[in-house]
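Trainee: Just the structure for this:
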Amino acid sequence: MILRRTILVLSMFGVAAEDGRAQNRRVDIPVVKVRVEQTGSAVTYRYRVVHSAITRLPPITGLRLGLDETAAEPRDSVLGVEPLGITSPPGWKGEIHPYEEAELWEIGWSGPDNGITPGHQQCGFTVTVPRPSNAYLEAPYTLYLSASWIGGVLEPDDSTAPCESVGPTVRLTAPAEGASVSGIVDLEAEASDDVGVVGVYFTVDGEVVGDQLTAPPYSFAWDTSSVTPGPHVVGVLAADADGNGARATSNVSVRTDTTPPHLSVSAQPASLWPPNGNLVPVAIALSVSDDQDPNPAVSLVSITCDDACNPGEDIVDASTGTDDRHFQLRARRRGAAQGRTYTIKYRARDAGGNLASATTTVVVPHDQRR
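Mentor: Numbering: from 1, shown residues only. As a prediction, the model looks like this:
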């Protein structure tokens with residue numbers, strides 16, 4: 001007897017539509033595919049269950065055909081042609097359950113606890129009926145995974161590969177096993193497959209980071225400041241068009257980055273003459289480097305001035321808090337004073353949060369001897 005269940009459990013990757021049915025069909029969601037074979041008047045429907053390699057879901061341990069229990073309002077089975085018989089894969093048990101109130105049938109299979117694990121698929125689920133029925137080609141289904149289940153609608157099985165087909169070949173090329181890393185680290189991988197790689201993901205400690213990559217080069221810039229210092233496992237997952245998957249990992253150690261960036265700045269021009277009160281364009285030449293972060297963030301902190309300067313009028317087009325390297329300074333100074341000095345300060349921050357500051361000056365001299 002196939003037990004009817006009423007609890008709604010959504011897949012951790014599923015996206016429910018208005019009718020409650022899981023609509024996400026990316027490579028991280030398991031699917032059921034079907035192909036049809038006709039012998040005489042009888043028709044056999046062959047079902048292939050594909051469990052994605054790009055998933056954190058547990059093994060698939062059951063399949064129910066004819067009803068999607070994750071729908072907001074599950075209906076009765078749509079299978080209206082009585083099966084002549086069913087077959088099951090080794091280790092699985094199948095059952096046909098007739099509805100008492102209508103000429104409808106449900107078909108279910110239950111498997112071992114280790115079932116269909118991520119990155120693998122299972123064939124051998126077949127149903128033979130006396131005449132063709134679109135319901136067996138387009139029926140909703142429910143997949144059982146430990147304490148949760150996922151619903152969907154059958155898809156055509158266009159694959160020519162057997163269930164035992166070889167999955168992708170994938171290799172994590174960087175970082176190396178045992179590497180000590182900090183700052184921004186490039187995760188890099190190579191993947192190939194006889195039928196084509198359709199998705200590659202990078203992981204850190206089993207959690208996917210970044211987006212799905214569908215074409216080489218396969219790389220992701222990992223900010224190690226997002227994890228605690230110490231040992232971590234970085235990995236790559238790849239899936240092919242047949243649903244087969246493969247993964248590779250490296251153990252790395254994330255160390256604390258305590259070294260600030262190196263920052264130097266200079267202004268051109270560094271002296272404004274004559275002191276005629278005009279605004280003069282100033283450009284900043286800036287050099288920044290860091291032993292861990294290839295691209296430290298740079299920002300203009302402040303521009304200050306002495307000699308009775310009026311910043312609102314004498315400093316123009318300067319945008320503090322941004323990497324602004326072009327602005328205008330007024331060539332003005334008091335005649336009785338020693339001249340005017342504009343002090344320009346920049347700051348650099350690396351991925352580890354370390355800061356460095358540097359300043360430069362632009363002067364309006366009292367005379368050309370200074």
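
Trainee: Show me where this protein has its helices.
Mentor: Counting by DSSP state H, the chain has helices at residues 135-138, 311-314.

Trainee: Dump those to JSON lines, plus mean neighbour count and mean pLDDT.
Mentor: C-beta here means a position set from N, CA and C on the backbone, and glycine is covered the same way. Below are the helices of the chain laid out as JSON lines (neighbours: other C-beta atoms under 10 Å; pLDDT from 0 to 100):
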{"stretch": "helix 135-138", "mean neighbour count": "18", "mean pLDDT": "91"}
{"stretch": "helix 311-314", "mean neighbour count": "13", "mean pLDDT": "96"}
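
Trainee: Output those helices as TSV; include the columns distance to S250.
Mentor: What follows is the helices of the chain, written out as TSV (distance: least, C-beta to C-beta, whole Å):
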stretch	distance to S250
helix 135-138	44
helix 311-314	53
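
Trainee: Of all these, which one is nearest P98?
Mentor: Of all the helices of the chain, helix 135-138 sits nearest to P98, with 14.8 Å by C-beta to C-beta.

Trainee: for the closest one, the distance to its chain's centre please.
Mentor: Relative to its parent chain, helix 135-138 has a centroid offset of 34 Å by C-alpha atoms, centre = their mean, to the nearest Å.

Trainee: and it, what other elements does it pack with?
Mentor: Helices and strands touching helix 135-138, by 3 or more C-beta pairs under 8 Å, 6 or more residues apart in numbering; DSSP states H and E, are strand 31-39, strand 42-50.

Trainee: Go ahead and produce CSV holding the CA coordinates of that helix.
Mentor: Taking Å, rounded to 0.1, in the frame of the first residue of the first chain, the C-alpha atoms of helix 135-138 are listed here in CSV:
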residue,chain,number,x,y,z
ALA,A,135,-0.4,10.6,-18.7
TYR,A,136,2.6,8.2,-18.4
LEU,A,137,4.7,10.7,-20.5
GLU,A,138,3.6,13.9,-18.7
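
Trainee: List of residues touching that helix?
Mentor: For helix 135-138, the surrounding residues in contact (C-beta atoms under 8 Å, 6 or more residues apart in numbering) are 34, 36, 43, 45, 65-66, 78-81, 127, 129, 153-154, 156.

Trainee: out of the residues you listed, which one sits closest to A72?
Mentor: Taking C-beta to C-beta as the measure, A72 lies nearest V153 of these, at 14.9 Å.

Trainee: Name the nearest residue to S287, ignoring sequence neighbours.
Mentor: Spatial nearest neighbour of S287, excluding adjacent residues (C-beta to C-beta, 6 or more residues apart in numbering): S264 at 4.9 Å.

Trainee: V36 contacts Y45, correct?
Mentor: Yes. V36 is within contact range of Y45, at 5.6 Å (criterion: C-beta atoms under 8 Å).

Trainee: hang on, the earlier thing: most neighbours among the contacts of helix 135-138, which one is it?
Mentor: The most neighbours of any of the contacts of helix 135-138, using other C-beta atoms under 10 Å, belong to L65, which has 28 neighbours.

Trainee: you'd agree that residue is up against S133?
Mentor: No. Using C-beta under 8 Å, L65 is not in contact with S133; the gap is 12.0 Å.

Trainee: Which neighbours do those two have in common?
Mentor: Residues within reach of L65 and of S133 at once, by C-beta under 8 Å, 6+ apart, are L79.

Trainee: What is the neighbour count of V233?
Mentor: By the criterion of other C-beta under 10 Å, V233 has 12 neighbours.

Trainee: quick one: it from V204, how far?
Mentor: Distance of V233 to V204, given as C-beta to C-beta, to the nearest Å: 7 Å.

Trainee: quick one: low-confidence parts of the stretch 151-300 of the chain?
Mentor: Residues of the stretch 151-300 of the chain meeting the criterion pLDDT under 70: 160-162, 164-166, 242-243.

Trainee: What are the boundaries of the strands in it?
Mentor: 155-156, 169-174, 180-181, 184-192, 197-204, 207-213, 218-223, 230-240, 245-254, 262-268, 279-289, 297-305 (DSSP state E, counting those that start in this stretch).

Trainee: Now distance to R333 too, for those, in CSV please.
Mentor: What follows is those, written out as CSV (distance: least, C-beta to C-beta, whole Å):
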stretch, distance to R333
strand 155-156, 78
strand 169-174, 56
strand 180-181, 52
strand 184-192, 45
strand 197-204, 57
strand 207-213, 54
strand 218-223, 46
strand 230-240, 57
strand 245-254, 52
strand 262-268, 17
strand 279-289, 13
strand 297-305, 10
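
Trainee: show me the contacts for L187.
Mentor: Residues in contact with L187, defined by C-beta under 8 Å, 6+ apart, are 172, 174-175, 202, 209, 219-222, 234, 236.

Trainee: Any idea what it is bridged to?
Mentor: In this structure, L187 bridges to F220 when assessed by DSSP bridges.

Trainee: Which residue ranges make up each domain of the chain?
Mentor: Here the chain is described, according to automatic domain parsing, as comprising the domains 31-156, 169-254, 262-365.

Trainee: C163: which of these is closest?
Mentor: Distance to C163, taken as C-beta to C-beta, is lowest for domain 31-156 among the domains of the chain, at 4.1 Å.

Trainee: There's contact between P175 and V254 in this structure, I believe.
Mentor: No. Counting by C-beta under 8 Å, P175 sits too far from V254 to count as a contact (10.4 Å).

Trainee: Among these two, which residue is more densely surrounded?
Mentor: Between P175 and V254, counted using other C-beta under 10 Å, V254 has the larger neighbour count: 23 against 18.

Trainee: Chain neighbours aside, what residue packs nearest to that one?
Mentor: Computed as C-beta to C-beta, 6+ apart, the closest residue to V254 that is not its neighbour in sequence is T224, at 4.8 Å.

Trainee: Would you agree the one you found is in contact with G183?
Mentor: Yes. Counting by C-beta under 8 Å, T224 does reach G183; the two are 6.2 Å apart.
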